[in-house]
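**Q** mind looking at a prediction? Sequence and model below.
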Amino acid sequence: MAPNFDDGDSLYNFVVRDGNGVKGMVDLGLEKVPEQYIQPHHERIDKLKASSYDRPPIDLSMLDGPQHCQVVGLIGEAAERVGFFQIVNHGVPIEVLESVKSAAHEFFGQAPEKKAVYRKGVSPSPYVKYGTSFVPEKEKALEWKDYVSMVYTSDGEALEFWPNECKEVALEFLKASISMVRRILEVLMEKLGVTLEESRIDGLIGLKMFNMNFYPTCPNPDLTVGVGRHSDMGTLTVLLQDGIGGLYVKMEEDITGAGKKGEWVEIPPIPGALVINVGDTLQILSNGKYKSAEHRVRTTSTQSRVSIPIFTIPRPNEKIGPLPQVVERDGVAHYREVVFEEYMNNFFGNAHEGKKSLDFAQINSS
């Protein structure tokens, strides 16, 4: 018997509890957006009003040449003013990027019961989770997204428990990305005039989470969001977009040729490029100099879309707070020191609401 999508409990059980996801709903021939997915007007994304971010990608290979200082400047400026940038010549082979996207489509193209084995509580590993939306039990309007999330602990664990459709190429992408992330983090520290011990860098990117997101076609994209407004909680995020687009970033300040403060701009997919997001952790470490990027995702009515983020996150027991050298220079700390596990629990315990997650560590000036 087909579920009644006009009934909230029936929809929730089918999509969330039984693991059919948004795709399972769409595959039944959905003709209109169910009420549970209709966003308030102020959360909807008006594609026609958004501009496109047209800054060229940064060539990461130029860090090793005579233009090193210029590239450091570009990366630093982007982290300070927008919180994201795109990079090319990053060291990840293009064929790996294409294979990862194909693997994502293969995984989500499976029958619902094949994916549902990875639901929370039944997954063969606590480090592999298949789900939908973000925190569906706390959201006023659900997000039009299914996902599988894999936390890296070791090659052996990944090869044993990660889904067969993606585990090998996911590991390849992850490993190729980590040295790049480390390099970018060192560059951003250099720009702050700070040198971190190797062990400290290890601690700040010690947890790696590999996600594959799937945004099924939507009958009316204007009413929904694929992902609501949020910033990432970690240090740096590496994001692979497909060619469809739909990623929007909120401008932190006026930038000529890019957008005005408060505007949402679309980040156009560039073949072979990766998007780098600054996360909350880096904003806290830099005492607010670097900005975590507030972003969201639009749905589409024409093609299903995939995106593959790699979140590099502090280890749970790592303490994060403004770096002493930066506080000395600024004269005041804008954030308190917190154990990252506490920050993470707060992040995952609430629905997406812009950069509200940062309030957990913010010091309110009187």
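**A** Sure thing, it's come through.
**Q** which ones are touching the closest residue in space to Gly349 that isn't next to it in sequence?
**A** Once flanking residues are discounted, Gly349 sits nearest to Val135: 7.4 Å by Cβ to Cβ, 6 or more residues apart in numbering. For glycine as for every other residue, the C-beta is placed from the backbone atoms N, C-alpha and C. Going by Cβ atoms under 8 Å, 6 or more residues apart in numbering, Val135 touches Phe348, Gly349, Asn350, Ala351.
**Q** what's around Arg336, how many residues?
**A** Using other Cβ atoms under 10 Å, Arg336 is surrounded by 13 other residues.
**Q** swap that for Asn220, please
**A** By other Cβ under 10 Å, neighbour count at Asn220 equals 13.
**Q** what do you get for Arg119?
**A** 18.
**Q** ok, the closest residue to it other than its chain neighbours to Lys49 distance?
**A** Leaving aside its chain neighbours, Arg119 sits nearest to Gly19 (4.7 Å; criterion: Cβ to Cβ, 6+ apart). Gly19 sits 36 Å away from Lys49, going by Cβ to Cβ, to the nearest Å.
**Q** buried stuff in stretch 39-53?
**A** Gln39, Glu43, Arg44, Ile45, Tyr53 (16 or more other Cβ atoms under 10 Å).
**Q** equivalent analysis for stretch 110-130, please.
**A** Buried-residue list, stretch 110-130, by 16+ other Cβ under 10 Å: Lys115, Ala116, Tyr118, Arg119, Ser123, Tyr127, Val128, Lys129, Tyr130.
**Q** kindly state the pLDDT recorded for the fourth one?
**A** The model reports Arg119 with a pLDDT of 92.
**Q** check contacts around it.
**A** Gly19, Lys129, Tyr130, Gly131.
**Q** which helix is the longest one in this structure?
**A** Assignment by DSSP state H gives helix 167-192 as the longest helix of the chain.
**Q** which elements pack onto that one?
**A** Counting contacts by 3 or more Cβ pairs under 8 Å, 6 or more residues apart in numbering; DSSP states H and E, helix 167-192 is packed against helix 68-81, helix 94-108, helix 155-161, helix 198-204, strand 207-215, strand 236-241, strand 305-313.
**Q** enumerate the positions of whichever helix or strand comes after the shortest one that are buried.
**A** Where DSSP states H and E defines the elements, the next helix or strand beyond strand 236-241 is strand 247-250. When burial is assessed from 16+ other Cβ under 10 Å, strand 247-250 yields the following buried residues: Leu247, Tyr248, Val249, Lys250.
**Q** ok so, going back, roughly how far is the longest helix of the chain from the heart of the chain?
**A** Distance of helix 167-192 from its chain centroid, counting by Cα atoms, centre = their mean, to the nearest Å, is 15 Å.
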